[in-house]
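**Q** Prediction below, plus the sequence it came from.
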Amino acid sequence: MTIFKFRPYRRRFVRTVSTSHGKWDIRDGIILCFTDESGRVGWGEIAPISWFGSETIEQALDFCRQLPAQITEETIFSIPDELPACQFGFESAWEEVGRWGDGETCTERSRWRSLSQRSMGRWGDEFLPSAQCPIPNAQLSALLPAGKAALNQWESLWQQGYRTFKWKIGVDVVANELKIFESLIHTLPAGCKLRLDANGGLSYEEANLWLWTCDNFKGNGKQTPEIEFIEQPLPVEQFQGMLELSMCYGTAIALDESIATLTQLTACYQQGWRQIFVIKPGIIGSPSRLRKFCQENKIDAVFSSVFESAIGRVAALKLAAELSLNNRAVGFGIDHFFEQEDTWLLSLCKNL
Ligand SMILES: O=C(O)CCC(=O)C1=CC=C[C@@H](O)[C@@H]1C(=O)O
Ligand SMILES: [Mg+2]
């Protein structure tokens, strides 16, 4: 018998996430805690992004509220595809309860160890006998602020060890962003990578202009950073346009909003997409079904955060470690958008 509890949370970003979808200041989510009859614990997180096509936080809360306190495997694996963030959160927690060793009993210390491991060792020793080694920043992609603020922000992130950066475009007019891009690309040190994320905010002509510019920028004779890809240049409904563009330029295109859920991912693959796939485990849906898809179809995947807490992040990074084929940096360099989460998360979970 496994009892589940849930607790909604609300976190304000310390800096607004500005994209062509608009400004995002608050992350609403739900923390799940499963406890089985031996006291073994599993944590999960539901962190929807409705404007990407997942359920809303209200729909997720309604789903949690209508469940009985005792959760079963059947309930978890019959969560409808209209609730992909719930599929991720419930299945992650279920998998974690199942990961306890046979006969391993749950003590107060071990109850928290699995939780504190999630924040990769940033918590005090009372919860973690030996600090977990967090993912090196060199394997993360750091999200830069939109606009010219990126010019002031990249260097401190570089000094923290980041070597891949993502910058939002399609927020300001294209002429202004091309000017900032020119400065950014000529100040970023050689050896780093730059991703441009339009969030579907460009016109077909602007997408052509960005791709041409990326194919033809010159480093004035000195080593330049690599432009890794342009993410979601066109809106979801212009898939054919992106498929055409992907055959016309050397700069790669990555789909993100177009493949936000497993249904969309399967459809784009079946319609011929073979360049890059930005996978957001937190909203794509069932982890087991994602595993099956990626094991059957060797896609070039970049794993990306949904600005979740350490609970969802570790479940997402486990999938990234399992399913990444090309060692692309994972898009989880977003800590600088939040205040320190350790005490916040621990106090929320202690009161669950
Ligand atoms: O993928 C990354 O590098 C960081 C996460 C990130 O950029 C996003 C997360 C969630 C919604 C968007 O604002 C944005 C994206 O479009 O990828
Ligand atoms: Mg994106």
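**A** Thanks, I have the structure now. Numbering: from 1, shown residues only. Ligands and ions are numbered 1, 2, ... in the order given.
**Q** Using PDB, write out every CA atom in stretch 86-97.
**A** Only the C-alpha atoms of stretch 86-97 are listed here, as PDB (Å, rounded to 0.1, in the frame of the first residue of the first chain):
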ATOM      1  CA  CYS A  86       1.300  14.700 -13.900                       C
ATOM      2  CA  GLN A  87       2.500  11.600 -15.800                       C
ATOM      3  CA  PHE A  88       6.100  12.700 -15.200                       C
ATOM      4  CA  GLY A  89       5.700  13.600 -11.500                       C
ATOM      5  CA  PHE A  90       3.700  10.600 -10.400                       C
ATOM      6  CA  GLU A  91       5.800   8.100 -12.400                       C
ATOM      7  CA  SER A  92       9.100   9.600 -11.100                       C
ATOM      8  CA  ALA A  93       8.000   9.300  -7.500                       C
ATOM      9  CA  TRP A  94       6.800   5.700  -8.200                       C
ATOM     10  CA  GLU A  95      10.100   4.800  -9.700                       C
ATOM     11  CA  GLU A  96      12.000   6.200  -6.800                       C
ATOM     12  CA  VAL A  97      10.000   4.200  -4.200                       C
END
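**Q** for that stretch, the distance to its chain's centre please.
**A** Stretch 86-97 sits 16 Å away from the centroid of its parent chain (C-alpha atoms, centre = their mean, to the nearest Å).
**Q** Now do that stretch: everything it contacts.
**A** Residues from elsewhere that reach stretch 86-97 (C-beta atoms under 8 Å, 6 or more residues apart in numbering): 2, 4, 30, 32-36, 40-47, 55, 60, 63-64, 71, 73, 75-77, 79, 81, 114, 281-288, 312, 315. C-betas here are computed from N, CA, C, even on glycine.
**Q** what does stretch 144-162 give?
**A** 15, 18-19, 136-138, 140-142, 165-169, 171-172, 177, 180, 183-184, 187-189, 192, 333, 336.
**Q** change it to 6 Å
**A** Stretch 144-162 has contacts (C-beta atoms under 6 Å, 6 or more residues apart in numbering) with 18, 137-138, 142, 165, 167-168, 171-172, 180, 183-184, 333.
**Q** Could you check the pLDDT of the residue of the stretch 1-150 of the chain at minimum distance from ligand 2?
**A** Nearest residue of the stretch 1-150 of the chain to ligand 2: T19, at 7.7 Å (C-beta to the ion). You'll see T19 listed with a pLDDT of 85.
**Q** Check the secondary structure at V14 for me.
**A** strand (DSSP: H, G, I helix; E, B strand; the rest coil).
**Q** i'd like the first residue to be 793 from this point on
**A** Happy to do that; since the first residue is 793 now, the last one works out to V806.
**Q** quick one, what contacts it?
**A** With C-beta under 6 Å, 6+ apart, V806 has these contacts: E1131.
**Q** Next one: it from ligand 1, what distance?
**A** Separation of V806 from ligand 1 (C-beta to the nearest ligand atom, to the nearest Å) stands at 15 Å.
**Q** same deal with I795?
**A** Applying C-beta to the nearest ligand atom, the value for I795 to ligand 1 is 32 Å.
**Q** Am I right that that residue sits in a helix?
**A** No. Assessed with three-state DSSP, I795 is strand; it does not lie in a helix.
**Q** and it, what does it touch?
**A** I795 sits in contact with 827, 861-862, where contact means C-beta under 6 Å, 6+ apart.
**Q** could these be laid out in CSV, adding secondary structure and distance to Q1030?
**A** Below are these laid out as CSV (DSSP: H, G, I helix; E, B strand; the rest coil; distance: C-beta to C-beta, whole Å):
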residue, secondary structure, distance to Q1030
T827, strand, 47
A861, coil, 46
Q862, strand, 46
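**Q** If anything else comes up later, I'll come back, but that's it for now.
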